[in-house]
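Enquirer: Sharing a model that was predicted from the sequence below.
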Amino acid sequence: MRGKSIVRWSAEAARAAADALFVVVPRQHSDLRSALAGLDVRFVVNERAEDGMGSSLACGARAMGPDAVATLVVLADEPELPAESYRRVIRRYRDGGVQIVAATYAGERGHPVLFDRAVFPELAALTGDHGARSVVDRAPGRTALVEIGGPQPVDVDTPEDLARIVRGEQLS
């Protein structure tokens, strides 16, 4: 995509907004290392990546050091999400009063989602192919929603999706 990999676009936007970037990868991840070469990231190997998204989120949560105040969950396949979206979620968290901040697009929850350190044990307990939606839904009073505006970020799952983005077409 414009001379960069999808994961690179996503990582650069996230890194521009966050203090540190942890990239959870499967055991065999040399392509990801190459795609992110020169970018200030820390790779965290998920030995059970085949178990799904829950295991990757759990692995990432367990990798957070004692100084981590919060973690921002970012998807690698949303290359057009601008750094300002991440910054808005972070700003809302810093305003206080919540443990989770989720971006919304026309009222629909999406990414990024920020989790306070108090929620790390819940993330670390995730398993299987389920993401963190259950963690967000568990106690709605601890969650703030930040309307980003516009449509949901494009999720690039196939080569055809990428080709449509490059052509400037809307994905459905």
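Expert: Arrived safely, thanks for sending. Note that the structure is a prediction, hence the values are computed from the model and not measured.
Enquirer: Sheet partners, orientation included, of the longest strand along the chain?
Expert: Looking across the chain with DSSP state E, the single longest strand is strand 108-116. With DSSP bridges as the test, strand 108-116 is paired with strand 70-73 (antiparallel), strand 100-105 (antiparallel).
Enquirer: And for the nearest residue to residue 108 once chain neighbours are set aside, the neighbour number?
Expert: Spatial nearest neighbour of residue 108, excluding adjacent residues (Cβ to Cβ, 6 or more residues apart in numbering): residue 152 at 6.2 Å. Where C-beta positions appear, they are placed from N, C-alpha and C, glycine not excepted. Counted with other Cβ atoms under 10 Å, the neighbours of residue 152 add up to 17.
Enquirer: follow-up on the earlier one: out of the strands paired with strand 108-116, nearest to residue 164?
Expert: Within those, the stretch nearest residue 164 is strand 100-105; the backing value is 18.4 Å (Cβ to Cβ).
Enquirer: What lies in contact with the closest one?
Expert: Strand 100-105 has contacts (Cβ atoms under 8 Å, 6 or more residues apart in numbering) with 85, 88-90, 92-93, 109-116, 119, 135-136, 142-153.
Enquirer: quick one: buried residues of that strand?
Expert: The neighbour-count check on strand 100-105 (16 or more other Cβ atoms under 10 Å) flags 100-103, 105 as buried.
Enquirer: just stretch 60-70 next, same as before
Expert: Buried residues in stretch 60-70, counted by 16+ other Cβ under 10 Å: 60-61, 63-64, 70.
Enquirer: Can you tell me which of those lies closest to residue 76?
Expert: Top of the list for closeness to residue 76, among those and by Cβ to Cβ, is residue 60 at 12.1 Å.
Enquirer: close enough to count as contact, that closest one and residue 20?
Expert: No: using Cβ atoms under 8 Å, residue 60 makes no contact with residue 20, being 11.7 Å away.
Enquirer: what's the spacing between residue 123 and residue 15?
Expert: 20 Å (Cβ to Cβ, to the nearest Å).
Enquirer: and what of residue 146?
Expert: Residue 146 sits at a distance of 20 Å from residue 15 (criterion: Cβ to Cβ).
Enquirer: Shouldn't the residue nearest to residue 108 be within a helix?
Expert: No: Residue 152 is assigned coil when assessed by DSSP: H, G, I helix; E, B strand; the rest coil, not a helix.
Enquirer: That'll do, ta.
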